[in-house]
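1. Next come a sequence and a model predicted from it.
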Amino acid sequence: MDAAGYTLIARQSGLAAEMRAIANNIANAETTGFRREGIVFAEHVRRVAGGEPSLSIAAAEARTISPVQGALATTGGPLDLAIEGEGFFLVATPAGERLTRAGAFALSAAGDLVTQEGHPLLDAGGAPLFVPPGTADLAVAADGTVSAAGRFLGQVGVVVPADPQGLAREAGTLFAAAGGTLPADDAQVRQGMLERANVAPIAELTRMIEVQRAYELGQSLADRDHERQRAALETLGRR
């Protein structure tokens, strides 16, 4: 295969990856705490011996997670929490501590605050937040302090990744922070609110059309190149 063929394959593969990311964004436009994802294209350049021009090829090698905050929607639910500003809730999963912006919490049978998937919400010290059975008038302050009838119960852990570039989506609204986490100093917790996805469906649909057209153009070029090579082989075969 010649250089043009490799370039075309890399281009089509990258466009297909971007199409999958856009489709996932659209599918999660109504998912609480979802963060929009994009694709980063990188160019690889290789020096060629003998003074020939260098070779380069582009590939979609990384995903970016939009840091833009989604709109906050008022629910009035005492266990619904949203973060205003930078930061993530810290939760415990079977694979270890993970980050999320999805704040629709509930009480487990054991009295722990948990996510919709059953992952315990952790406090500032990394321990599950326990709410005694029968507790009423649960209040969560802007700094994450959880109390009931004036009695301190704990403080919601709000963190930021130590390395923002090391943040990686694992599934849905869960993220892993490869470089660890740090306390989020400027974030505020809002009780009775949830953060909507930071996805603009119209913008995503527009981008999807652009990517689809670019992919179809690349496929057309591939078909023409294939036809050119086939015609050349037929001509050489008749000699």
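-> Structure's in. What do you need? It should be emphasised that the depicted structure is a prediction, and the values quoted were computed from it without experimental measurement.

2. use CA for all of it now, contacts and neighbours both
-> Will do.

3. Might you report the residue contacts of L81?
-> By CA atoms under 8 Å, 6 or more residues apart in numbering, L81 lies in contact with G103, A104, F105, V189, R190, Q191, G192, M193, L194.

4. List the backbone torsions phi and psi for it.
-> For L81, the backbone dihedrals are phi -130, psi 140 (criterion: degrees, to the nearest 10).

5. how's the protein carved up into domains?
-> Here the domain parsing of the chain from automatic domain parsing is 3-67+199-237, 72-195.

6. weakest of these by average pLDDT?
-> When these are compared by mean pLDDT, domain 3-67+199-237 comes last with a mean of 79.

7. Specify which member of the contacts of L81 is nearest to I202.
-> The nearest member of those to I202, counting by CA to CA, is L194 at 22.0 Å.

8. For that closest one, list each beta-bridge partner.
-> A73 (DSSP bridges).

9. do G96 as well
-> The partner residues for G96, given DSSP bridges, come to T93.

10. With V189 instead?
-> With DSSP bridges as the rule, V189 is bridged to I83.

11. what's the burial count for it?
-> A count of nearby residues for V189, using other CA atoms under 10 Å, gives 23.

12. dump the residue contacts of it.
-> Residues in contact with V189 (CA under 8 Å, 6+ apart) are L81, A82, I83, E84, V140, A141, A142, D143, G144.

13. of all those residues, which comes closest to L153?
-> V140 (9.9 Å).

14. What values do phi and psi take at that closest one?
-> phi -120, psi 120.

15. wait, it sits on G150?
-> No: taking contacts as CA atoms under 8 Å, V140 lies outside contact range of G150: 11.2 Å.

16. quick one, which of the two is more surrounded?
-> A direct count of neighbours by other CA under 10 Å for V140 and G150 places V140 higher, at 23 against 10.

17. Nearest spatial neighbour of that one, chain-adjacent residues omitted?
-> V146 (4.6 Å; CA to CA, 6 or more residues apart in numbering).

18. Provide the count of other residues in contact range of that neighbour.
-> The burial count for V146: 21, using other CA under 10 Å.
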